[in-house]
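>>> coordinates only, sequence not included:
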């Protein structure tokens, strides 16, 4: 509808000029048509509307035999100036739109470089991931996930950087790099959490003098999980992150931490170390890790997305199917208006001769 608005205004101006008294001028409609064309149409459309507006005015002036009126020439000059300004404004908007597309492309490429694809199978675990960017106008965020096969089992990470933009991406890249290195040799999850905390605090200490950088204030909520090869369990350490969901035989249970720790880069608040929670995790069970963009998705009434309730009917699906259902449901629930980035990672234990 909006792209036809300039032509509609042009037509209204012509009708006003033809069927109203001569003292009722169509100039306002013609000028509005040209300005709206600059914002709504490509360059050729803006030029066409500008030429059309001037042609309509000249035609009406000739029809009313007003060419000898000096006011008519003044009005025509004004319309020509507005047409020229509209073309200039259209070019300016086009250049800015092109720059915005380039910036978004670079940002998306940077985020994809940070979030490397997670293998579908790691040892005895099947994995699937979901990442949904917020609305196109939103800045890139710092949601992250990773899964690594180690001699301790499969270790998982999901996190959410406070804030958005390139600083968030940089913080996410730092955390992911530290996790990819430390996950292999940290003897347990508390040691792994301390290694990640050290990396994040070290990074923050490198920028104390940058005014307004917010790096020293930036923290990351994170959840670490470990699925050992030889035990039907899952171990988790929660650092200010939403609790994971355990899907077992059609039931959905939140794995609330007994002693949650603060987010990473707030390690000075940890006094008694990191607490490990242990839950049964049998073949066929699924573990869903997610960022708060999922549970903070709102419908039109402002109600938050009830994740455990909505996901229960899909608990018997494969990881790929379950996340596909979740993807569609989040879009439908929010009426296509996602306000935050969303990341989710699901792990399913496959039958193994080591599991009893």
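Received, thanks. What you see is a predicted model, and the numbers here were worked out from it, not measured in a lab.

>>> buried stuff in stretch 93-104?
Using 16 or more other CB atoms under 10 Å as the burial criterion, none of the residues of stretch 93-104 qualify. All C-beta spots, glycine's among them, are computed from the backbone N, C-alpha and C.

>>> what about that stretch, distance to the chain center?
Its chain's C-alpha centre and that of stretch 93-104 lie 18 Å apart, by CA atoms, centre = their mean, to the nearest Å.

>>> avg pLDDT for that stretch?
Per-residue pLDDT over stretch 93-104 has a mean of 77.

>>> can you list the residues that contact it?
By CB atoms under 8 Å, 6 or more residues apart in numbering, the surrounding residues in contact with stretch 93-104 are 38, 39, 42, 43, 136.

>>> for the stretch 51-200 of the chain, give me the ranges with low pLDDT.
63-70, 102-113, 134-141, 165-166 (pLDDT under 70).

>>> redo that, cut-off 90
For the stretch 51-200 of the chain, applying pLDDT under 90 flags the ranges 52-80, 83, 90, 92-117, 131-143, 161-173, 200.

>>> and after the longest helix anywhere in the chain, which helix or strand comes next?
In the chain, with assignment by DSSP state H, the single longest helix is helix 70-114. The helix or strand immediately downstream of helix 70-114 is strand 121-122, counting by DSSP states H and E.

>>> just the ones in helices from the contacts of stretch 93-104, please.
38, 39, 43.

>>> closest to residue 73 out of these?
For those, the minimum distance to residue 73 (CB to CB) is 24.2 Å, reached by residue 38.

>>> who's in contact with the closest one?
Counting by CB under 8 Å, 6+ apart, residue 38 makes contact with 46, 85, 86, 87, 89, 90, 93.

>>> now do it against residue 95, distance only.
Per CB to CB, to the nearest Å, residue 38 is found 13 Å from residue 95.

>>> do residue 229 as well
57 Å.

>>> can you name the helix or strand that residue 48 falls in?
helix 43-63.

>>> what's the pLDDT at the residue nearest to residue 299 when sequence neighbours are not counted?
Take residue 299 and drop its neighbours on the chain: the residue closest to it by CB to CB, 6 or more residues apart in numbering is residue 333, 5.5 Å away. pLDDT, residue 333: 94.

>>> my read: residue 333 touches residue 305, true?
Yes - between residue 333 and residue 305 there is a contact under CB atoms under 8 Å: 5.6 Å.

>>> shared neighbours, these two?
297, 299.

>>> residues near residue 15, how many?
Neighbours of residue 15 under the rule other CB atoms under 10 Å: 12.

>>> from residue 289, how far out is it?
For residue 15 relative to residue 289 (CB to CB), the value is 62 Å.

>>> and for residue 312?
Separation of residue 312 from residue 289 (CB to CB): 17 Å.

>>> those two: which has the busier surroundings?
For residue 312 and residue 289, the more surrounded residue by other CB under 10 Å is residue 289, and the numbers stand at 25 against 15.

>>> in the sheet, who's paired with the more buried one?
Beta bridges link residue 289 to residue 345 when assigned by DSSP bridges.

>>> so which of the contacts of stretch 93-104 is the most crowded?
The most crowded member of these, judged by other CB under 10 Å, is residue 38 (25 neighbours).

>>> against residue 5, how distant is that one?
Counting by CB to CB - residue 38 and residue 5 are separated by 12 Å.

>>> same question for residue 160.
Counting by CB to CB - residue 160 and residue 5 are separated by 41 Å.

>>> the two: who's more crowded?
The neighbour comparison of residue 160 against residue 5 (other CB under 10 Å) goes to residue 160, with 28 against 16.

>>> okay, now the nearest residue to that one once chain neighbours are set aside: neighbour count?
Once flanking residues are discounted, residue 160 sits nearest to residue 291: 4.4 Å by CB to CB, 6+ apart. By other CB under 10 Å, 27 other residues sit near residue 291.

>>> next up, the contacts around residue 291.
Contact analysis of residue 291 by CB under 8 Å, 6+ apart lists 143, 158, 159, 160, 221, 241, 242, 341, 342, 343, 344.

>>> by contact count, what packs against the helix or strand containing residue 310?
If you go by DSSP H and E, residue 310 is part of helix 307-311. Under the contact criterion of 3 or more CB pairs under 8 Å, 6 or more residues apart in numbering; DSSP states H and E, helix 307-311 touches strand 245-248, strand 251-254, helix 319-333.

>>> measure residue 123 to residue 189 for me?
Applying CB to CB to residue 123 and residue 189 gives a distance of 17 Å.

>>> could you check how far residue 275 is from residue 219?
For residue 275 relative to residue 219 (CB to CB), the value is 19 Å.
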